[in-house]
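Enquirer: need coordinates for the below:
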Amino acid sequence: MPAPSAPQQSYQEPQFQAPAAPQPSFQQPAGDPFAQQQFPPAPIGEAFPAAPAFLEPAAPAPVQAYQEPTAAEPAFAPEPTATLSKEAQEFSLPGFGTGAAFGVTGTTSAGFPEIPDVDDSAIRANVIVSYGGKGGVGKTTCAVLMAQRAAAAGLRVVVVDMNRGQGNIRSYLRLDNPNLPTVYNAAVTGKAQDALISPKVLKENRDSSLPSLGFAVVMSPPHSLADPKIVSAAVYSKVIRFIQTQADLVILDTQIVEAKDTSGLIDNVMVPLLMRGAWGLGVADMSRPGREDLLKRTQGFIHQGVKRDRLMLMVNKAQSFGNAEQQQINEAFSGSSAFLGAAGEDPELASAMNSGSFDVQNSTLRPILDTALYQATGRDVFLPDQAPKRRGLFGRRR
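Expert: Residues are numbered from 1 along each chain as shown. Next up, the predicted model:
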């Protein structure tokens, strides 16, 4: 007689327990990125000639798409991202408010988490792009001074260093800590906010004798981390778009704009921003290369579809600027961009910038930069008729 069969056990699905993942190495600094900064009130500079009326641009030529380099294996494997709770996935950066939920939406061609894009309806900040056709004209100086001036007026401002691998913002701000985040951090974590350095963190990493800064910064990666397959145009674009949902104004400091864009950052980040309504501030000196190179680059933007009325022009470091120089600029740039004015050499400003202090209140550049800020923000605080008159175009206010 056969032995009785054992009672049948119901099948239990094995439960797989994923190993706990380490937290990312970079922690977003706590604290309000836009802690209140105290700035003395300052008058506004005088107005410059009104911009000429422009004709509508001709039909734009098609923009050639930039081809990202073929992806190679990443130099190192990124740290695994911990599984976040639903509450933790809702991004909230102190001082910036709450943004869209952040979760991994895919991977980049370099194998890192992709930064989620934001909805166009969430974008609120306008953009000013400071650019030049040659080096040494002062475009980074203008970008930093505009940021400090706008922050002093109460705006929440972020400066983005878009000179990948050769950024100057770190040295301008006297930031010696090599461990501060850059846009590379966002590229490998897939979180745009990981690239941001708040005013509070800037203050903690600058010499205590230097004045506080009222703006936040996104720094470019150092040369060793500037691989365009990782820190791509798409990464820069998504970081900027995210910041536009949180700040009042974004100021981009670009690399020198050359005849052929080998970086992909001009054709795929700067030009699309200008076509969507950002403002371009072209900075030139009175040298022939300074004027001619900027004119060619400006005309190239118009050819790609940028509207002329979004482009502004200023002359910096002029030895003199009289009727003859004014006529040269008018004839060269007429129909291309609006001329805001000219500023001469300013030894006091140069000395302040070299020491990491920005005398934006008394700078000879201030009337021109106020005009650009008014165009981009529409804030009455930047109107020139609220200020005492200055003593001439190249004279300092007494």
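Enquirer: quick one: contacts for residue 238?
Expert: If a contact means C-beta atoms under 8 Å, 6 or more residues apart in numbering, then residue 238 has 115, 116, 117, 118, 192 as its contacts. C-beta coordinates here come from the backbone N, C-alpha and C atoms, glycine included.
Enquirer: so which of the residues you listed is the closest to residue 108?
Expert: Proximity of the contacts of residue 238 to residue 108, judged by C-beta to C-beta, is greatest for residue 115, which lies at 8.5 Å.
Enquirer: which residues touch that closest one?
Expert: For residue 115, the contacting residues are 186, 187, 190, 191, 192, 234, 235, 238, 239, 242, by C-beta under 8 Å, 6+ apart.
Enquirer: quick one: pLDDT of it?
Expert: In this prediction, residue 115 carries a pLDDT score of 95.
Enquirer: okay, and the closest residue to it other than its chain neighbours sits in which element?
Expert: Closest residue in space to residue 115, ignoring its immediate chain neighbours: residue 238 at 4.2 Å, by C-beta to C-beta, 6 or more residues apart in numbering. Using DSSP states H and E, residue 238 sits in helix 233-244.
Enquirer: check residue 141 too.
Expert: Taking DSSP H and E as the criterion, residue 141 maps to helix 139-152.
Enquirer: where do the strands of the stretch 251-398 of the chain begin and end?
Expert: 279-284, 311-318, 338-344 (DSSP state E, counting those that start in this stretch).
Enquirer: quick one: which of the ones you listed is nearest residue 328?
Expert: Relative to residue 328, the nearest member of the strands of the stretch 251-398 of the chain by C-beta to C-beta is strand 311-318, separated by 9.7 Å.
Enquirer: and the contacts of that closest one?
Expert: Contacting residues not belonging to strand 311-318 are listed as 51, 137-138, 141-142, 274, 279-286, 294, 298, 301-302, 321, 325, 329, 333, 336-345, 365, 368, 371-372, 375, 394 [C-beta under 8 Å, 6+ apart].
Enquirer: mind checking which of these are buried?
Expert: Applying a neighbour-count criterion of 16 or more other C-beta atoms under 10 Å, the buried members of those are 51, 137-138, 141-142, 274, 279-286, 294, 298, 301-302, 321, 325, 329, 333, 336-344, 365, 368, 371-372, 375, 394.
Enquirer: on that earlier part again, the next helix or strand after the helix holding residue 141 vs helix 139-152, what angle?
Expert: Proceeding N to C from helix 139-152, the next assigned helix or strand is strand 157-162, under DSSP H and E. For strand 157-162 and helix 139-152, the angle between their directions (axes from the mean of the first three to the mean of the last three C-alpha atoms, to 10 degrees) works out to 160 degrees.
Enquirer: using CSV, list the CA coordinates for the following helix or strand past strand 157-162.
Expert: Secondary structure here is assigned by DSSP H and E; on that basis, the next helix or strand after strand 157-162 toward the C-terminus is helix 169-172. Coordinates of each C-alpha in helix 169-172 appear next as CSV, following Å, rounded to 0.1, in the frame of the first residue of the first chain:
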residue,chain,number,x,y,z
ILE,A,169,33.9,82.7,-13.1
ARG,A,170,35.7,80.6,-10.5
SER,A,171,38.8,82.9,-10.6
TYR,A,172,36.7,86.1,-10.9
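Enquirer: isn't residue 157 up against residue 249?
Expert: Yes: because the distance of 4.9 Å satisfies C-beta atoms under 8 Å, residue 157 is recorded as touching residue 249.
Enquirer: so what pairs up with residue 338 in the strands?
Expert: residue 312 (DSSP bridges).
Enquirer: ok, it to residue 282 distance?
Expert: Here the distance between residue 338 and residue 282 works out to 10 Å (C-beta to C-beta, to the nearest Å).
Enquirer: now residue 138
Expert: Using C-beta to C-beta, one obtains 12 Å as the distance from residue 138 to residue 282.
Enquirer: same deal with residue 224?
Expert: With distances defined as C-beta to C-beta, the gap from residue 224 to residue 282 amounts to 31 Å.
Enquirer: how about residue 330?
Expert: Applying C-beta to C-beta, one obtains 15 Å for the distance of residue 330 from residue 282.
Enquirer: do residue 257 as well
Expert: From residue 257 over to residue 282 the distance is 9 Å, taken as C-beta to C-beta.
Enquirer: please apply the same query to residue 270.
Expert: Using C-beta to C-beta, we find residue 270 at a distance of 12 Å from residue 282.
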